[in-house]
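Colleague: here is a sequence with its predicted model. Questions after.
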Amino acid sequence: MIMATLFVRRLKMIEGCRKIPFRGHKDFRGNLVFVEGGQDIPFNISRVYYIYDVPFGASRAGHAHKELDSILVPLSGAFDVILDDGESREKIEMRSPNEGILIPRMIWRELENFTSGAVCLALASDPYDEEDYFRDYQDFLNALGK
Ligand code: TYD
């Protein structure tokens, strides 16, 4: 029964999205995690930004990108990522700084349920360009031909 449940969950994963475990080093001094663009993640890193001090109950993102690929990492604390490819939606819990979630272009994402003090690191394949955004969900669906 448990196996069947896991299998169904895997089938539901939004295409192109996946959790990526990072390499690191652990010793008596603590933990160190490293991410190399083009090696640990499937794009070169053009931009880094981070989100913190998110008030209780607030949501972030609520957009898709036309060309940009990104990885989100809960550096501290936890949050949930809603992924939407225009056909199905999935909520992914991000709880560990040892892994990121790959969100490719043309996937709608929303971030919610930030824990107190959570920090979301974003690694992006391109510099900031407002023209690359779909900020309206219907525009996103139209672009997908839905
Ligand atoms: P916004 O895209 O709304 O953040 P979220 O990821 O929660 O949707 O970004 C908020 C503002 O910051 C918006 O005016 C665009 C600006 N911004 C930049 O100037 N550079 C950046 O790299 C990012 C991510 C945002």
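Modeller: Yep, it's here.
Colleague: CA atoms for contacts and neighbours, from now on please.
Modeller: OK.
Colleague: what residues does the chain put near the ligand?
Modeller: By Cα under 6 Å from any ligand atom, the residues of the chain that approach the ligand are 60, 61, 62, 128.
Colleague: looking at those, state which has the most neighbours.
Modeller: Of all the residues of the chain next to the ligand, residue 62 has the most neighbours under the rule other Cα atoms under 10 Å, reaching 16 neighbours.
Colleague: the residue of the chain found nearest the ligand: what's it in contact with?
Modeller: When scored by Cα to the nearest ligand atom, the chain has residue 61 as its residue closest to the ligand, at 3.1 Å. When contacts are counted by Cα atoms under 8 Å, 6 or more residues apart in numbering, residue 61 touches 109, 110, 111.
Colleague: for the first one, give the beta-bridge partners.
Modeller: Applying DSSP bridges to residue 109 gives these bridge partners: residue 63, residue 83.
Colleague: for the protein, just list every one of the strands.
Modeller: 18-21, 23-27, 30-34, 47-51, 60-65, 70-76, 79-84, 89-94, 99-103, 108-112, 119-124, 133-134 (DSSP state E).
Colleague: and these as JSON lines, adding mean pLDDT?
Modeller: As requested, the strands of the chain are arranged in JSON lines below (pLDDT from 0 to 100):
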{"stretch": "strand 18-21", "mean pLDDT": "98"}
{"stretch": "strand 23-27", "mean pLDDT": "98"}
{"stretch": "strand 30-34", "mean pLDDT": "98"}
{"stretch": "strand 47-51", "mean pLDDT": "98"}
{"stretch": "strand 60-65", "mean pLDDT": "98"}
{"stretch": "strand 70-76", "mean pLDDT": "98"}
{"stretch": "strand 79-84", "mean pLDDT": "98"}
{"stretch": "strand 89-94", "mean pLDDT": "97"}
{"stretch": "strand 99-103", "mean pLDDT": "98"}
{"stretch": "strand 108-112", "mean pLDDT": "98"}
{"stretch": "strand 119-124", "mean pLDDT": "98"}
{"stretch": "strand 133-134", "mean pLDDT": "98"}
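Colleague: what would those look like in TSV with distance to residue 143?
Modeller: Formatted as TSV, the strands of the chain follow (distance: least, Cα to Cα, whole Å):
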stretch	distance to residue 143
strand 18-21	23
strand 23-27	36
strand 30-34	36
strand 47-51	25
strand 60-65	11
strand 70-76	20
strand 79-84	14
strand 89-94	17
strand 99-103	18
strand 108-112	12
strand 119-124	22
strand 133-134	9
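Colleague: cheers, nothing more for now.
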